[in-house]
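Student: the following block contains a protein sequence and its predicted model.
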Amino acid sequence: QSDRAPSLTMLGETQWRWLEGVLREPAELRILVSTIQVLAMDHGWERWGLIPSEVARLLTLINATRAEGLVVISGDRHMGGLYRLEAGDARPFGVPAPFPLYEVTSSSLTHTVRTAEAEAFTLRLGSLTHENNFGTVRVDWEARKVTLDLRASDDCGLSEQPWAQVCKAHDGEAGRVLMNLTIGLEALQMQAQQPST
């Protein structure tokens with residue numbers, strides 16, 4: 001994976017300046033929303049990693065602004081998954097993460113790819129979900145935890161669903177938690193940088 005041209009970008013300079021300003025604002029929890037995946041590395045569809053220098057720039061900005069408490073939510077895969085870049089790990093993008101960086105990818109509400117996709121587990125936690133889904137974010141300020149869920153958006157389950165058609169069988173349960181990740185806010189604090197191995 002390498003940039004095809006130095007002119008390729010995910011964000012324009014005005015957007016980068018705006019993001020830097022927002023990341024410098026005091027906050028205990030920050031939710032970075034991207035229409036496409038940020039941390040995924042192992043597929044050829046749209047993702048930040050197709051322009052690795054932009055992921056590196058984002059990580060550099062998070063480090064420079066000391067933007068603690070940050071999690072990423074994304075979509076546009078037609079399947080759901082959870083991802084983690086470990087604190088201090090610079091191997092994937094050339095810049096170390098200042099704390100464990102988590103991403104939850106939710107999609108699609110109505111037409112999720114039912115077949116398994118050959119994708120390595122480089123930064124993914126567990127399997128992908130192939131049920132129609134949506135994501136939720138719950139914050140328990142008293143316990144100082146954030147919970148990222150993927151939930152079934154209908155009762156199709158994993159029944160066959162030809163593209164552009166609704167499911168015919170109903171073997172699932174709308175609203176059921178498909179994947180779940182709870183993170184203590186203290187885990188999203190800046191850590192001393194350790195060399196990546």
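Tutor: Everything's here; your move. Numbers count the residues shown, from 1 in each chain.
Student: and the closest residue to residue 92 other than its chain neighbours, what element?
Tutor: Residue nearest to residue 92 in three dimensions, not counting chain neighbours: residue 41, with 6.0 Å by C-beta to C-beta, 6 or more residues apart in numbering. Glycine gets a C-beta too; all of them are placed from N, C-alpha and C. In this structure, residue 41 is located outside every helix and strand according to DSSP states H and E.
Student: let me see the contact set for residue 41.
Tutor: Contacts of residue 41 were listed using C-beta atoms under 8 Å, 6 or more residues apart in numbering, and they are 1, 47, 49, 92, 120, 122-123.
Student: try residue 174
Tutor: By C-beta under 8 Å, 6+ apart, the neighbours of residue 174 are 152-155.
Student: got the residues you listed as CSV, with secondary structure columns?
Tutor: As requested, the contacts of residue 174 are exported to CSV (DSSP: H, G, I helix; E, B strand; the rest coil):
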residue, secondary structure
152, strand
153, coil
154, coil
155, coil
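Student: specify which member of those is nearest to residue 26.
Tutor: Distance from residue 26 was checked for each of the contacts of residue 174 by C-beta to C-beta. The minimum falls on residue 153, at 34.8 Å.
Student: does that closest one touch residue 109 like I think?
Tutor: Yes - the criterion here is C-beta atoms under 8 Å, and residue 153 meets it with residue 109 at 4.7 Å.
Student: show me which of the two is the more surrounded one.
Tutor: With other C-beta atoms under 10 Å as the criterion, residue 153 and residue 109 differ in neighbour count, and residue 153 comes out ahead with 21 against 12.
Student: how far away is that one from residue 58?
Tutor: Summarising the geometry, the distance separating residue 153 from residue 58, computed by C-beta to C-beta, to the nearest Å, is 29 Å.
Student: how about stretch 14-34 as PDB, C-alpha atoms only?
Tutor: The C-alpha trace of stretch 14-34 is given here as PDB (Å, rounded to 0.1, in the frame of the first residue of the first chain):
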ATOM      1  CA  THR A  14      -9.400  23.900   5.400                       C
ATOM      2  CA  GLN A  15     -10.900  20.600   6.800                       C
ATOM      3  CA  TRP A  16      -7.600  19.700   8.400                       C
ATOM      4  CA  ARG A  17      -7.400  23.100  10.100                       C
ATOM      5  CA  TRP A  18     -11.000  22.800  11.300                       C
ATOM      6  CA  LEU A  19     -10.300  19.300  12.700                       C
ATOM      7  CA  GLU A  20      -7.200  20.500  14.500                       C
ATOM      8  CA  GLY A  21      -9.200  23.300  16.200                       C
ATOM      9  CA  VAL A  22     -11.900  20.800  17.300                       C
ATOM     10  CA  LEU A  23      -9.300  18.300  18.600                       C
ATOM     11  CA  ARG A  24      -7.700  21.100  20.700                       C
ATOM     12  CA  GLU A  25     -11.000  21.800  22.500                       C
ATOM     13  CA  PRO A  26     -11.300  20.200  26.000                       C
ATOM     14  CA  ALA A  27     -13.300  17.000  26.000                       C
ATOM     15  CA  GLU A  28     -13.400  13.700  27.900                       C
ATOM     16  CA  LEU A  29     -14.800  11.900  24.900                       C
ATOM     17  CA  ARG A  30     -14.400  12.600  21.200                       C
ATOM     18  CA  ILE A  31     -16.200  10.700  18.500                       C
ATOM     19  CA  LEU A  32     -14.500  11.000  15.100                       C
ATOM     20  CA  VAL A  33     -17.000  10.100  12.400                       C
ATOM     21  CA  SER A  34     -15.800   9.000   8.900                       C
END
